[in-house]
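Chemist: can you look at this prediction? I've put the sequence above it.
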Amino acid sequence: MDHILNLETSTCTRLLTESGALTEVVDLDGIRGELMDEDLEQFVQSFPVEKIERGRGAAPGVAPDYLPPSGSSPLATKTSRIR
């Protein structure tokens, strides 16, 4: 990850549990550098939120069967509760 940031090939996964916990996993392709927090938030908000149902075999509040893409190392994982 020692190259200029490319948001076109960067990804974000947003998962919402039935209990309202939102987990966002951001995988930036390149060095964040001078990307402002506001721009990063706008990038994250551009991705849809996937609703996770409890019946998929995970404990409440845990995203079942989710792993970042192979070979990637997410920049950040943020979990928040939406009410």
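Modeler: On my side now, so go ahead. Residues are numbered from 1 along each chain as shown.

Chemist: what ranges do the strands span in this protein?
Modeler: 11-17, 21-27, 49-52, 76-81 (DSSP state E).

Chemist: residue 35: which of those is closest?
Modeler: In terms of C-beta to C-beta, the element of the strands of the chain nearest to residue 35 is strand 21-27, at 10.7 Å. Placement of C-beta: from N, CA and C, glycine included.

Chemist: who are the neighbours in contact with residue 30?
Modeler: 1, 3-6, 10 (C-beta atoms under 8 Å, 6 or more residues apart in numbering).

Chemist: find the residue closest to it in space, skipping its chain neighbours.
Modeler: Nearest residue to residue 30 in three dimensions, chain neighbours excluded: residue 5, at 3.7 Å (C-beta to C-beta, 6 or more residues apart in numbering).

Chemist: could you check how far the one you found is from residue 49?
Modeler: Going from residue 5 to residue 49 by C-beta to C-beta, to the nearest Å gives 23 Å.

Chemist: same check, this time on residue 40
Modeler: Distance from residue 40 to residue 49, by C-beta to C-beta: 17 Å.

Chemist: which of those two has more neighbours?
Modeler: residue 40 (18 against 14; other C-beta atoms under 10 Å).

Chemist: that one and residue 26 touch, don't they?
Modeler: Yes: counting by C-beta atoms under 8 Å, residue 26 is a contact partner of residue 40 at 7.4 Å.

Chemist: any chance of the strands of the chain in CSV, with mean pLDDT and distance to residue 36 too?
Modeler: As requested, the strands of the chain are exported to CSV (pLDDT from 0 to 100; distance: least, C-beta to C-beta, whole Å):
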stretch, mean pLDDT, distance to residue 36
strand 11-17, 94, 16
strand 21-27, 93, 14
strand 49-52, 93, 23
strand 76-81, 53, 15
